[in-house]
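**Q** Provided below are the primary sequence and the corresponding predicted coordinates.
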Amino acid sequence: MLQAELGEELFNERRLSGSGQYACSSCHNRELGMGDGLRTAFGHDRQRGNRNAQQIFTAGFMHELFWDGRAVSLEDQAIAAMTNPIEMAGEPARIEEWINSDPDYRAKFAALQGEGRITLRQIVGAIAEFQKTLRPPRSKWDRMLEEGPSVFTDEELAGLHLFRTKAGCANCHNGPLFSDQRYHNIGLTYYGRKYEDLGRYLLTGKAEDVGRFRTPSLRAIGQTGPYMHNGLFPTLSGIVNLYNAGSVTEKREASLTDPAAPRPVLDPLVKELNLTAEERRALVAFLETL
């Protein structure tokens, strides 16, 4: 058995959670575009998190993980989710105890790494190797790259042109992953309101990070809704409308989460686009090819 194969088995292993009911695949389901299809994920004791479960087809190519970049490796990401009390609520000591008492897992790890006690780091290392094998499903975009632009309809070609020019999407969604892997405030901090989330600021404490979130990959975007860090956008047309309007205006009342937090500053790349209805439809048509 290859390490990635063992990692896939562990990715689907519910005993990694505190309740024995949740696996990594509970929130990252291949049949749901490696997400869960929900606005925000449910975890231990049916607690609901405040962020959308991202697709992980491209996780193996990302420099940092999570919406706020708090994990710098696939292994750290797995441990963070596995031990988070709202997500899987697993306890490292208990996880190591049961897996070392399971003869099947002991034999599989021994075949790969030799005899010895199985550690949490070895477990997440195998899961990471599995994640590195993941790829987005073959798309019309892939076909176009191989066979040429004749694969696209006129509307999809118009959408690609808009993506690169007037709509400005490629400023942040570029490269093979359609992500610059940087952090931007696009106006969805919901500052002082019900869905407030100060983003990367909660990790770094830096004023410039208020409301910033990591640019997600757009690969398989048509299959991985709902969208944005809070999952409040069920359709791609809604996302396009948001950007077309130049995002939203932040409210000025004090922060609900941190009264001392500085105000969010909208990224200068976000501005009113003045796309026509026809152009917005074309842009959505292109996005669905990815």
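**A** Arrived safely, thanks for sending. Numbering: from 1, shown residues only.
**Q** give me phi/psi at the nearest residue to Lys132 once chain neighbours are set aside?
**A** In space, and not counting its chain neighbours, Lys132 is closest to Gly60: 3.8 Å by C-beta to C-beta, 6 or more residues apart in numbering. Placement of C-beta: from N, CA and C, glycine included. Torsion angles at Gly60 (phi, psi; degrees, to the nearest 10) stand at phi -70, psi -10.
**Q** tell me the pLDDT at Gly60?
**A** pLDDT, Gly60: 96.
**Q** what does Val265 give?
**A** In this model, Val265 carries a pLDDT of 88.
**Q** does it touch Val210 like I think?
**A** Yes: judged on C-beta atoms under 8 Å, Val265 makes contact with Val210 at a distance of 7.2 Å.
**Q** more neighbours: those two, which one.
**A** A count of neighbours by other C-beta atoms under 10 Å puts Val210 above the other of Val265 and Val210, at 24 against 14.
**Q** tell me where this protein has helices.
**A** Per DSSP state H, the chain carries helices over the ranges 3-11, 24-27, 74-83, 92-100, 103-113, 120-132, 140-147, 154-164, 201-204, 236-244, 277-287.
**Q** for the third one, which positions count as buried?
**A** Spelled out, it's helix 74-83. Within helix 74-83, the residues that count as buried by 16 or more other C-beta atoms under 10 Å are Leu74, Glu75, Asp76, Gln77, Ala78, Ile79, Ala80, Ala81, Met82, Thr83.
**Q** pLDDT averaged over stretch 242-253 - what is it?
**A** Stretch 242-253 comes out at a mean pLDDT of 74.
**Q** quick check: Ile99 touching Ile118?
**A** Yes: applying C-beta under 8 Å, one finds Ile99 in contact with Ile118, separated by 5.2 Å.
**Q** common neighbours of those two, please.
**A** By C-beta atoms under 8 Å, 6 or more residues apart in numbering, Ile99 and Ile118 have these common neighbours: Tyr105, Arg106.
**Q** compare these two (neighbour count), which wins?
**A** Ile99 (22 against 19).
**Q** neighbours of Thr165, just the number please.
**A** Thr165, neighbours per other C-beta under 10 Å, totals 10.
**Q** for Ala245, that is, sorry about that
**A** For Ala245, using other C-beta under 10 Å, the count is 15.
**Q** from now on call the first residue 44
**A** Okay, using 44 as the starting number, the last item reads as Ala288.
**Q** quick one: low-confidence residue ranges for the stretch 144-293 of the chain.
**A** Across the stretch 144-293 of the chain, the ranges flagged by pLDDT under 70 are 292-293.
**Q** 80 instead, please
**A** Across the stretch 144-293 of the chain, the ranges flagged by pLDDT under 80 are 291-293.
**Q** residues in contact with Asp223?
**A** Neighbouring residues of Asp223 by C-beta under 8 Å, 6+ apart: Asn214, Cys215, His216, Asn217, Thr258.
**Q** again, only using 6 Å
**A** Counting by C-beta atoms under 6 Å, 6 or more residues apart in numbering, Asp223 makes contact with Cys215, Asn217, Thr258.
**Q** is it possible to get CSV of these that adds neighbour count?
**A** Below are the contacts of Asp223 laid out as CSV (neighbours: other C-beta atoms under 10 Å):
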residue, neighbour count
Cys215, 20
Asn217, 16
Thr258, 19
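**Q** tabulate those (a markdown table), appending distance to Gln46.
**A** As requested, those are exported to a markdown table (distance: C-beta to C-beta, whole Å):
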| residue | distance to Gln46 |
| --- | --- |
| Cys215 | 34 |
| Asn217 | 32 |
| Thr258 | 30 |
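**Q** of these, closest to Ser62?
**A** The shortest approach to Ser62 among the contacts of Asp223 belongs to Thr258, at 33.5 Å (C-beta to C-beta).
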